[in-house]
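K.L.:
Okay, structure incoming, though there's no sequence with it:
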């Protein structure tokens, strides 16, 4: 039986708006090449303006539970704002782990007030090395799953540097990305915007089983004014542990709102699942073949709105889950979505200076002597998910664009009824740490033509 794929990709586009030099040619020197550590040509930069004052790299990562709590706190903040800013029948799907990792790589180059605001808004550890070591530890845990036979799971990071300014990339920053994010480093000719975009998109395609296409375009590269692209990709392939029989799938009604009824393909299975009643909702855990990963579905009892979620509810659900005989109805669905207005969300969370062309301080990325101060111009996020009888396939991409400053209770002994025929929330989690990898709300599944 074929395996289904859950690829999650984070794509961080960091674009620096320096003046472009269009005097390019087609010699072999223009081909993408691995970056080598570069020593700034003017090393006599005042110490307070350099990124060479990074802490020692012997810090240990945070406890896995603490990392999951901070990642999840960020996830719930974004989820709440996405839900609050959307219509009740609007679908939501994104990867908090993807966005979190992209911002982690940006955080590595932040300084002073910008660093403090990012740390507070994103729940990062005050010790940068401790925080980055925790990202490394988490990616290692996920990659370890890929070494077993029940699933494929791989995490990869890539940094695509504009060749024109590669000597301004601080060796301390490059070392941090390589040590804690295992980043593949490339030097590209950003003057050839079309070719550069295609090269990065091909890299993304290869690591997401071709689900994320054309994430970067020529305008992103050209508008970056010889910038940088940071990419995180995570790929997962597995089946449900307890698959749905396609013969049991039938067309049933889904109520996006009390007045909006639509026909959907509703899957069905009766089996023993981990189940709980928490905060006026039913919670069921759907395990994958790989025991460390599962999907949690949160279904409210009495409302047409998907439930509010937070870390306390997730923790209580995980503690309360117990095996029960459950009759489960769950719609199959395929969605392609964008999470919009992420910068506004982050500003509301207190991360303001990073988006201000005057106040932003990312002097830990490039040599400040080069006069290429940075600020975040935009953050883009796209996601894909398919849920069917065999399993789940998902992908997500995040782009961080930066520019320079200068330019009811069940009857005893009877099966529990879990009928997901109204809006519900769901998440894919790494069970040992409870880290949320994907998260969403299904309010308007695809309509089936009858």
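P.N.:
It's in. Treat the numbers as computed from the prediction; the structure is a model and nothing was measured. Numbering: from 1, shown residues only.
K.L.:
okay, which residue is most central for this protein?
P.N.:
The centroid of the chain falls nearest to residue 98 when counting by C-alpha atoms, centre = their mean (1.8 Å).
K.L.:
which stretches of the chain form helices?
P.N.:
With DSSP state H as the criterion, the chain has helices at 64-84, 96-107, 112-122, 128-146, 171-181, 193-207, 218-223, 311-320, 342-348.
K.L.:
possible to save those helices as CSV with distance to residue 334 and mean pLDDT?
P.N.:
Using the backbone N, CA and C atoms, a C-beta is placed for each residue, glycine as well. Listed next are the helices of the chain as CSV, based on distance: least, C-beta to C-beta, whole Å; pLDDT from 0 to 100:
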stretch, distance to residue 334, mean pLDDT
helix 64-84, 20, 92
helix 96-107, 19, 90
helix 112-122, 31, 97
helix 128-146, 24, 91
helix 171-181, 31, 93
helix 193-207, 19, 89
helix 218-223, 27, 84
helix 311-320, 26, 93
helix 342-348, 23, 93
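K.L.:
Could you identify which of these is most buried?
P.N.:
Stretch with highest mean neighbour count among these: helix 96-107 (a mean of 26; mean count of other C-beta atoms under 10 Å).
K.L.:
and the angle for that one with helix 64-84?
P.N.:
With axes from the mean of the first three to the mean of the last three C-alpha atoms, to 10 degrees defining the directions, helix 96-107 sits at 110 degrees from helix 64-84.
K.L.:
relative orientation of helix 96-107 and helix 128-146 in degrees?
P.N.:
Angle, helix 96-107 to helix 128-146, by the same axes, to 10 degrees: 140 degrees.
K.L.:
Can you check what angle separates helix 96-107 from helix 171-181?
P.N.:
Going by the same axes, to 10 degrees, helix 96-107 makes 160 degrees with helix 171-181.
K.L.:
can you tell me how far residue 142 sits from residue 70?
P.N.:
17 Å (C-beta to C-beta, to the nearest Å).
K.L.:
how much space is there between the residue lying closest to residue 349 once chain neighbours are set aside and residue 136?
P.N.:
The shortest distance from residue 349 to any non-neighbouring residue, by C-beta to C-beta, 6 or more residues apart in numbering, is to residue 121 (4.2 Å). According to C-beta to C-beta, residue 121 stands 22 Å off from residue 136.
K.L.:
Just to check, residue 252 is in contact with residue 261?
P.N.:
No - using C-beta atoms under 8 Å, residue 252 is not in contact with residue 261; the gap is 10.2 Å.
K.L.:
neighbour-wise, which of those two wins?
P.N.:
The neighbour comparison of residue 252 against residue 261 (other C-beta atoms under 10 Å) goes to residue 252, with 16 against 11.
K.L.:
how close does that one sit to residue 297?
P.N.:
In this view, residue 252 and residue 297 are 16 Å apart by C-beta to C-beta.
K.L.:
so what's the spatially closest residue to residue 120 that is not a sequence neighbour up against?
P.N.:
Nearest residue to residue 120 in three dimensions, chain neighbours excluded: residue 350, at 5.6 Å (C-beta to C-beta, 6+ apart). Residue 350 sits next to 117, 120, 121 when contact means C-beta atoms under 8 Å, 6 or more residues apart in numbering.
K.L.:
what about the stretch 351-450 of the chain, any weak spots by pLDDT?
P.N.:
Scanning the stretch 351-450 of the chain for pLDDT under 70 picks out the ranges 397, 399-413.
K.L.:
ok, now with 50
P.N.:
408-411 (pLDDT under 50).
K.L.:
Now do the strands in it.
P.N.:
For the stretch 351-450 of the chain, the strands defined by DSSP state E, counting those that start in this stretch cover 374-387, 392-404, 416-419, 424-430, 435-442.
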